[in-house]
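*Asks:* A structural model of the following input is requested.
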Amino acid sequence: MEENTKKKSGVSRLLEIAGGRRRLLLLSAVLAVLHVLLAIVPYILMYAILKAVITPPVDAGLIKTYIRDGVYAIIAAYALLYASGMASHVAAFNILYELRKKMADKLGRLPLGFINQYNSGALKKIMADDIERIENFIAHSIPDFVKGMTLPLVTLTYLFTVDWQLALASCMPVVLLLILMPIMFSKKRVAEMTNFHRSLEDMNAGIVEFVRAMPVIKIFGHTAVSFDKYSGTVYRFREMVIAWVRTSSPAFGIFISFVSNASLPVLAVGFYLYFQQGLSLSVLLLFLILGVGYIRPLFALSNLGSQISVINHGVKRLDEILFSKEAETVGNETLGKNYRIEFDHVCFSYDGHADALRNVSFTVAPGSITALVGPSGSGKSTAAQLVARFWDIQRGYILIGNQDIRKIKPEELMRHISFVFQDSFMFQQSLYENIRMGMDKSAAEIIAAAKAAQCHDFISRLPDGYQTIWGKDGVHLSGGEQQRIQLARAILKDAPILILDEATAFSDPENEYLIQQAFNQLISNKTVIIIAHRLSTITRCNQIVVMNKGAVAGIGRHEVLLKNCSLYRTMWDAHTRAKSFALTEEQISISTLNTTTG
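*Replies:* Below is the predicted model of the structure:
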């Protein structure tokens, strides 16, 4: 997108997003104006009827003509209003579809690490709530705004031609609105609206985390109030809304009170003119009906300030994603058959200040298995994710087959890399589709991958087998079963580069051996990087890279590192002590006694 496009904001940016649908919006606005013009006609005809009735002789034929024309005007006015609403809604739903599609496409082109910057609650609000409000604004507020601006203008113009003094009295609500509008759009209100949306995003994130943590909360007998992140965000949102209402209520209350009693100035001036200057009864009745009735659309305008603030913030949040820097490719190179991975003095920082990786250099030979080990926060997962360009490094190079990964098309890179993460994700669709993941594979290949991943048996026992919908009717899988589904995806994809993040973490002892057997098929003739936490699973790897505080502390095979790397030796000793730990019968008896008498 062009830079000058990015400078636009608010409603002007929204109209730009509308793109080709602006003609429909213009049509909706024109139809709304025509509706307003025809909607006033019955009142003008009513005024003419009153004049004809009050001033004899009464022409019955003329009155019938006025009534007939009034009915025609009402029918035509509401037909135009319907057409205006249809045009705005068709435009809104098309914009909604295109905007969500554009957002999804953009997220697909952004580095995967970018998604981690947003919590799920914030993304849900942007992708669902903010876009939904934009649709509501386009479908309803834009036609209402046109009517709210046109009706008072046309009505007051006509009333001034009838009696300028009563017309001035009828103008007082408009004058009050013009005084209050700057208050509604003040910088303070904009800041409050920004805080409102930020607080709402935090609350959404807290609710999502609370729902996910429900089993743990129930196990420990806690309530929603005790879950600090959830209750804290809810309370902060409540306090922010209360403060916002307190500051906004006085001005809004004055406006609503005055508008609700807008007939009082017209009555006062009207009766004075009626008794003092001989104002005709028909004119007084006209102003009591039309001079007050035009105020109704002003209520829509009174809410427009807060709605525009909502839209401005929503569009701003959308643009934060739409204008985010995509994964750069300085060329369109494709990967060859050489899958050698090389880290050459790689430096990377998440925030631009603290280094997550510092001058990391190591090589993964084609067809070999390399394990990354180290304490928590040492940079193991970061290094593995950088291979797939979750983020772009600041200094150094990451090469695959002597090609800088920044010069390789992202889709080409992803086509050659498979992941099996510790945390698996399931889509609410059939297990068949959860394994296939949109790949052009046959049913036989999918079943073969499921068998290799040791998940064919438990899938076959489900009510509908492979067509069982995950998450429907209480159908869920254990952590180990979900991990095996993820493993089946990787086997089916058959990419030459494989990254495993403790892929047996949730497996029970009975199935861990079977999954390890499946790994033998999965990793055959592949370049593999394993992020390991249990050191016993990587003792036979071709190479082990020991990470510590973002730097490489040692490289070699298991036996070599035990001799030459003190950190690895310490980790191995701790691992073996944990495996051999057991309570004696005496310790168990004492522990049971303490629990009973405690």
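
*Asks:* tell me which residues in stretch 453-470 are buried?
*Replies:* By 16 or more other Cβ atoms under 10 Å, the buried positions in stretch 453-470 come out as 453-456, 458-459, 466, 468-470. The C-beta positions use only the backbone N, C-alpha and C, and glycine is treated the same way.

*Asks:* In strands, which of those fall?
*Replies:* Per DSSP state E, strands hold no members of those.

*Asks:* What is the nearest of the residues you listed to residue 68?
*Replies:* Nearest to residue 68 among these: residue 469, at 60.8 Å, using Cβ to Cβ.

*Asks:* And the furthest pair within the buried residues of stretch 453-470?
*Replies:* So, those by Cβ to Cβ: farthest apart are 454 and 469, at 21.8 Å.

*Asks:* Adding pLDDT and distance to residue 258, write the buried residues of stretch 453-470 out as JSON lines.
*Replies:* JSON lines is the format used below for the buried residues of stretch 453-470 (pLDDT from 0 to 100; distance: Cβ to Cβ, whole Å):
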{"residue": "453", "pLDDT": "81", "distance to residue 258": "71"}
{"residue": "454", "pLDDT": "80", "distance to residue 258": "74"}
{"residue": "455", "pLDDT": "84", "distance to residue 258": "69"}
{"residue": "456", "pLDDT": "88", "distance to residue 258": "73"}
{"residue": "458", "pLDDT": "88", "distance to residue 258": "69"}
{"residue": "459", "pLDDT": "89", "distance to residue 258": "68"}
{"residue": "466", "pLDDT": "90", "distance to residue 258": "67"}
{"residue": "468", "pLDDT": "88", "distance to residue 258": "62"}
{"residue": "469", "pLDDT": "87", "distance to residue 258": "57"}
{"residue": "470", "pLDDT": "81", "distance to residue 258": "58"}
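
*Asks:* Show me the strands in the stretch 451-598 of the chain, by range?
*Replies:* Taking DSSP state E, counting those that start in this stretch, the strands of the stretch 451-598 of the chain run over residues 497-501, 527-531, 543-548, 551-556.

*Asks:* can you list contacts of the last one?
*Replies:* The reference is to strand 551-556. With contacts defined as Cβ atoms under 8 Å, 6 or more residues apart in numbering, strand 551-556 is touched by 357-362, 374, 379, 543-547, 561, 564-565, 567-568.

*Asks:* Spell out which strands sit alongside that strand in the sheet and which way each one runs.
*Replies:* Using DSSP bridges, the strands paired with strand 551-556 are strand 543-548 (antiparallel).

*Asks:* Please state the offset of the strand it pairs with from the chain centre?
*Replies:* How far strand 543-548 lies from its chain's middle: 38 Å, per Cα atoms, centre = their mean, to the nearest Å.

*Asks:* can I get the CA coordinates of it in CSV?
*Replies:* The C-alpha coordinates for strand 543-548 follow below in CSV (Å, rounded to 0.1, in the frame of the first residue of the first chain):
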residue,chain,number,x,y,z
GLN,A,543,24.9,-33.6,17.3
ILE,A,544,23.9,-31.8,20.5
VAL,A,545,24.0,-28.0,20.7
VAL,A,546,24.0,-26.7,24.3
MET,A,547,22.5,-23.2,24.6
ASN,A,548,22.9,-20.9,27.6
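
*Asks:* any idea of the mean pLDDT for that strand?
*Replies:* The pLDDT scores in strand 543-548 average 93.

*Asks:* in the stretch 251-400 of the chain, what spans have low per-residue confidence?
*Replies:* 259-260, 298-307, 309-310, 313, 326-333 (pLDDT under 70).

*Asks:* Going along the chain, name the helices of it.
*Replies:* 263-276, 281-293, 296-302, 304-322, 380-387 (DSSP state H, counting those that start in this stretch).

*Asks:* which secondary structure elements does the last one contact?
*Replies:* Packing partners of helix 380-387 (3 or more Cβ pairs under 8 Å, 6 or more residues apart in numbering; DSSP states H and E): strand 341-349, strand 355-364, strand 369-373, strand 395-400, strand 497-501, strand 527-531.

*Asks:* Residue 421 contacts residue 489, doesn't it?
*Replies:* No. Using Cβ atoms under 8 Å as the test, residue 421 is too far from residue 489 to be in contact (10.9 Å).

*Asks:* Any of the contacts of strand 551-556 buried? List them.
*Replies:* Counted by 16+ other Cβ under 10 Å, the contacts of strand 551-556 give 357-358, 360, 362, 374, 379, 543-547, 561, 565, 567-568 as buried.

*Asks:* gap between the two ends of stretch 467-477?
*Replies:* 14 Å (Cα to Cα, to the nearest Å).

*Asks:* tell me what the helix ranked longest in the chain is packed against?
*Replies:* Ranked by residue count, the top helix of the chain under DSSP state H comes out as helix 60-109. For helix 60-109, the elements it packs on are helix 10-18, helix 22-54, helix 131-136, helix 142-162, helix 304-322, judged by 3+ Cβ pairs under 8 Å, 6+ apart.

*Asks:* Give the full set of residues in contact with residue 523.
*Replies:* 369, 498.

*Asks:* buried ones in stretch 391-407?
*Replies:* In stretch 391-407, counting by 16+ other Cβ under 10 Å, buried: 391, 393, 396, 398-401, 403, 405-406.

*Asks:* now stretch 245-252
*Replies:* 248, 252.

*Asks:* Run the chain-centre distance for it.
*Replies:* On Cα atoms, centre = their mean, the centre of stretch 245-252 falls 30 Å from that of its chain.

*Asks:* Could you export that stretch as PDB, CA atoms only?
*Replies:* Below are the C-alpha coordinates for stretch 245-252, written out as PDB (Å, rounded to 0.1, in the frame of the first residue of the first chain):
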ATOM      1  CA  VAL A 245     -19.900   7.600  32.000                       C
ATOM      2  CA  ARG A 246     -19.400  10.100  34.800                       C
ATOM      3  CA  THR A 247     -17.500  12.500  32.600                       C
ATOM      4  CA  SER A 248     -19.800  12.100  29.600                       C
ATOM      5  CA  SER A 249     -23.200  12.100  31.300                       C
ATOM      6  CA  PRO A 250     -23.600  15.900  32.100                       C
ATOM      7  CA  ALA A 251     -23.200  17.200  28.600                       C
ATOM      8  CA  PHE A 252     -25.200  14.300  27.100                       C
END
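
*Asks:* sorry, back to before: any idea which of the strands of the stretch 451-598 of the chain gets closest to residue 274?
*Replies:* Closest of those to residue 274 is strand 497-501, at 85.2 Å (criterion: Cβ to Cβ).

*Asks:* Residues in contact with the closest one: which ones?
*Replies:* For strand 497-501, contacts defined as Cβ under 8 Å, 6+ apart pick out 339, 341, 381, 384, 387-388, 400, 416-422, 490, 519, 522-523, 526-531.

*Asks:* For the stretch 101-250 of the chain, give me the ranges with low pLDDT.
*Replies:* In the stretch 101-250 of the chain (pLDDT under 70), the answer is 113-122, 124, 177, 180-194, 197, 212-213, 215-230.

*Asks:* Can you show me the helices along it?
*Replies:* Under DSSP H, counting those that start in this stretch, the stretch 101-250 of the chain gives helices at 112-116, 120-124, 131-136, 142-162, 164-170, 172-184, 187-212, 214-219, 228-260.

*Asks:* quick one: which of these is nearest residue 446?
*Replies:* helix 112-116 (25.1 Å).

*Asks:* picking that back up, mind giving me JSON lines with the helices of the stretch 101-250 of the chain and columns for distance to residue 479?
*Replies:* Formatted as JSON lines, those follow (distance: least, Cβ to Cβ, whole Å):
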{"stretch": "helix 112-116", "distance to residue 479": "21"}
{"stretch": "helix 120-124", "distance to residue 479": "19"}
{"stretch": "helix 131-136", "distance to residue 479": "33"}
{"stretch": "helix 142-162", "distance to residue 479": "49"}
{"stretch": "helix 164-170", "distance to residue 479": "70"}
{"stretch": "helix 172-184", "distance to residue 479": "51"}
{"stretch": "helix 187-212", "distance to residue 479": "13"}
{"stretch": "helix 214-219", "distance to residue 479": "12"}
{"stretch": "helix 228-260", "distance to residue 479": "23"}
